[in-house]
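J.: sharing a sequence plus its predicted fold:
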Amino acid sequence: MKVNRTQVIGVTVGMVALTAFANTASASPSTGFTPTVLATASLSMPVRVHSDGVRLTTKEATDVRVQQVVFAPGGSSGWHHHPGVVMVVVASGSVTSWNEHCKATMYGPGLPNGAAFIESGDERGQVTSAAGATTYVTYVVPKVSPAVFRIEDVAPRCAS
């Protein structure tokens, strides 16, 4: 059987489309999750600051973003991860941060774990809120073009 170039191109395009659809379909979408970007800027040089026991060091330029995220009751960020470091402050209500092993930790004003937490690295996670919450999030991520602040992930098996 003779295969022509058009058939090979058609099959290749079909496989690429199917793979893209499969990856999109298997992602864990957010619901009741409304982010609003308040400011974005770049630190064009590496940072080396050590003051009062707090250290911030970057090897290259970074992007910094601050945003407000409002969770509706029952809201979820969906499973995702971030490059760099993300600092979250829960201003009102409470949220539950889930790690990729489905371990849950609750944060909010007056709660035992406090009202702030850090997300970092390639470990996927999800943040939910049973009764609703308002958070303020600061991202410090590697400077790339286009900027990347969030990467969508598939829910881990334990979340099924």
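T.: Sure, I can see it.

J.: the bottom helix or strand of the chain by mean pLDDT?
T.: Across the helices and strands of the chain, the lowest-confidence element by mean pLDDT, DSSP states H and E is helix 5-26, at a mean of 42.

J.: I'd like the next helix or strand past that helix.
T.: Heading C-terminal from helix 5-26, the first helix or strand you meet, by DSSP states H and E, is strand 31-43.

J.: only the buried residues of that following strand, if you could.
T.: By neighbour count on 16 or more other C-beta atoms under 10 Å, the buried set for strand 31-43 is 33, 35. C-beta: built from backbone N, CA, C; applies to glycine.

J.: partners of that strand in the sheet?
T.: Strands adjacent to strand 31-43 in the sheet, as given by DSSP bridges, are strand 62-76 (antiparallel).

J.: what residues does the partner strand touch?
T.: 30-43, 47, 77, 84, 93, 95, 126-144, 147, 149 (C-beta atoms under 8 Å, 6 or more residues apart in numbering).
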